[in-house]
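1. Attaching a predicted model along with its sequence, questions to come.
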Amino acid sequence: MVPGTRKRTVMLHQIESFCQQYDMLAPGVPVIACVSGGTDSMCLLDVLGILSAEARFPLYAAHFNHRLRGGESDGDEAFVRAYCEKLGVPVFTGSGDVAGEAKKRGLGIEETARELRYRFFYRLSDRLGGARIATAHNADDNLETVLMRLARGAGLRGLCGIPPVSGRVIRPLLGVTRDMIEAWNRERSIPHREDSTNASDGYTRNRLRHSVVPVLKELNPALNVRNMTELLRRDEEYLSSLAESFLAESSSPGSVAARDLAALPYPVASRAVRRLFGEKLSTVHVNAVLALAESADPSGEVRLPGVTVRREYGLLTAVDPGPETFPETKIPLDRPVIIENIGLTITCEPCGEVEIYNSLTNFLIKWDKIKTGLYARPRRTGDALRLPGGTRSVKRLMIDRRIPARLRGALPVFVSDGEVLAVWGLGQSVDSLPAKGEPAILIKTEKTEGQ
């Protein structure tokens, strides 16, 4: 037996058992090996080549050129293409301007690269009839991922690490270490390309790989988080199933009984909140929703990213938060202006002869009050209107008129030189009313279509 043969056999058997455990491979179901040209992905291609002959599934390769390293990136693509042609494995390539997209979207390079790369893989999978997408994540990648999430304060779900299967994505090498992969490649003379960015500590994962993991492996050379993540994943799946069962029995789309949610154990309640109102909610947001559910107050609301949760009649319901406010806007006197945030069109018309005019949404303002400029803005602390019955704060008027708090910042306050002239829906100051025959401006408002 040549040196290393048994190690290869053990590793291949380990990968086969792992794939069987998670039902990754099936006869006739195509698999796309995602090949960057690096050590791990070249091992993946080789192993899947062996398994495809035995398990009888069609094998393809895919390479995405991120165009981040100029000629080096193009060299990776040419290398993968040539090697796959040598093996007789059909290869598909794609590319994207990751740096340009990241700048345009205001996202990080790594996040953008992953999004573009997986978009390409999924489109190719669709083209190949729902082929499974095999990535080369290994046990060391899983360890680094857990450490990154631990450093960021992740909970149970985050500490589950990289899942072996995510929909169409499979990870056959997740149970083997990088050392095992490198030994496999050496013994089978499998070439690879070195990514120059792997040596840089400019990426969080690289800093962990170079500085933290070696220290941990000094303490425990056999360090592997596979058992831990597997146990945590089972706990997570069980708790999530309890949350899903609760929602199936006790909720309707977008709403749940506050009393029922509050009665749940926290691990189940927090998962139910995320299922209902957003999987990416932070712990702070989840706790705010649960506090609303437990509150003795029959009403209230919590603003979350992209949605507002409102308590009404014992129910927590997801509602469109609507416009919270709008920017201060100068109102031209010669043309209409649309305030998009609140869906309101405002038009000013000069009036020479004025008769009695009474409206809460259209206002006649004496010319002298606005000749230096007219503005619409949200309510501010201290705003007040002098009405026929006396001066009232705008806040108190809104409360008396039962205007919901969520809408108060969306009611335009018309001002000039810091003086409040009128408030949409409430009325106008007696000081701004023109006398009969006095030059005036008619402020007309109209809700924009669709609002």
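-> The structure has been received and is ready for your questions.
2. Can you read off the backbone torsions of Ala269?
-> Backbone geometry at Ala269, expressed as degrees, to the nearest 10, gives phi -60, psi -40.
3. now the one 4 residues further on
-> Main-chain torsions, Val273, degrees, to the nearest 10: phi -60, psi -40.
4. Now do the contacts for it.
-> Val273 makes contact with 261, 281, 286, 289-290, according to Cβ atoms under 8 Å, 6 or more residues apart in numbering. For every residue, glycine as well, the C-beta is placed using N, CA and C.
5. again, but for Arg408
-> 379, 395, 398.
6. from the contacts of Val273, which has minimum pLDDT?
-> Within the contacts of Val273, pLDDT reaches its minimum at Leu281, with 87.
7. so is it in a helix, a strand, or just coil?
-> coil (DSSP: H, G, I helix; E, B strand; the rest coil).
8. From Leu290, how far out is it?
-> 11 Å (Cβ to Cβ, to the nearest Å).
9. Ser125 too?
-> 39 Å.
10. what does Arg81 give?
-> Using Cβ to Cβ, Arg81 is found at 53 Å from Leu290.
11. Show me which of those two is the more surrounded one.
-> Leu290 (21 against 17; other Cβ atoms under 10 Å).
12. Next, the contact list for that one, please.
-> 261-262, 266, 269-270, 273 are the contacts of Leu290 under Cβ under 8 Å, 6+ apart.
13. Over to Asn287?
-> No contacts exist for Asn287 under Cβ under 8 Å, 6+ apart.
14. List the buried residues of the helix or strand hosting Leu232.
-> Per DSSP states H and E: Leu232 is located in helix 226-250. Neighbour counts using 16 or more other Cβ atoms under 10 Å place 226, 229, 232-233, 236, 239-240, 242-243, 246-247 of helix 226-250 among the buried residues.
15. Going by distance to Asp179, which of these wins?
-> Set against Asp179, the nearest of the buried residues of helix 226-250 by Cβ to Cβ is Arg226 (14.5 Å).
16. what about the closest residue to Glu446 other than its chain neighbours, neighbour count?
-> For Glu446, ignoring the flanking residues on the chain, the nearest one in space by Cβ to Cβ, 6 or more residues apart in numbering is Thr345 at 4.8 Å. By the criterion of other Cβ under 10 Å, Thr345 has 15 neighbours.
17. do Leu264 as well
-> Using other Cβ under 10 Å, Leu264 has 19 other residues around it.
18. just checking, it touches Ala257?
-> No - if you go by Cβ atoms under 8 Å, Leu264 and Ala257 don't touch, sitting 11.0 Å apart.
19. Just the residues contacting the helix holding Leu232, thanks.
-> Residues from elsewhere that reach helix 226-250 (Cβ under 8 Å, 6+ apart): 139, 142, 146, 156-157, 159-163, 174-175, 256-257, 260, 264, 267-269, 271-272, 275-276.
20. Name every strand pairing with the helix or strand following that helix and say which way it goes.
-> Remark: after helix 226-250, the chain's next helix or strand is strand 251-252, criterion DSSP H and E. Partners of strand 251-252 in the sheet, by DSSP bridges, are strand 255-257 (antiparallel).
21. in which helix or strand would I find the residue nearest to Glu446?
-> Using DSSP H and E, Thr345 maps to strand 344-351.
22. Kindly export that strand (C-alpha atoms) in PDB.
-> Provided in PDB are the C-alpha atoms of strand 344-351 (Å, rounded to 0.1, in the frame of the first residue of the first chain):
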ATOM      1  CA  LEU A 344     -49.800  65.600  -1.000                       C
ATOM      2  CA  THR A 345     -49.900  68.100  -3.900                       C
ATOM      3  CA  ILE A 346     -49.900  71.700  -2.800                       C
ATOM      4  CA  THR A 347     -50.900  74.600  -5.100                       C
ATOM      5  CA  CYS A 348     -50.900  78.300  -4.300                       C
ATOM      6  CA  GLU A 349     -53.300  80.700  -6.100                       C
ATOM      7  CA  PRO A 350     -53.300  84.500  -5.700                       C
ATOM      8  CA  CYS A 351     -56.700  85.900  -4.600                       C
END
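23. Just the residues contacting that strand, thanks.
-> 331-339, 364, 367, 374, 376, 412, 424, 434, 439-448, 451.
24. Among those residues, which lie within strands?
-> Among the contacts of strand 344-351, the members falling in strands (DSSP state E) are 337-339, 364, 376, 440-447.
25. Tabulate these (TSV), appending distance to Pro214, neighbour count and pLDDT.
-> Formatted as TSV, the ones in strands among the contacts of strand 344-351 follow (distance: Cβ to Cβ, whole Å; neighbours: other Cβ atoms under 10 Å; pLDDT from 0 to 100):
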residue	distance to Pro214	neighbour count	pLDDT
Val337	63	14	91
Ile338	60	13	90
Ile339	58	20	89
Leu364	78	22	90
Ala376	62	24	95
Ala440	79	25	89
Ile441	74	22	90
Leu442	76	17	90
Ile443	70	26	92
Lys444	72	15	89
Thr445	67	19	90
Glu446	68	15	86
Lys447	64	11	78
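26. Specify which member of those is nearest to Ser299.
-> Within those, proximity to Ser299 (Cβ to Cβ) peaks at Lys447, which comes in at 26.2 Å.
27. Looks like the closest one contacts Gly343 (just checking).
-> Yes - counting by Cβ under 8 Å, Lys447 does reach Gly343; the two are 5.8 Å apart.
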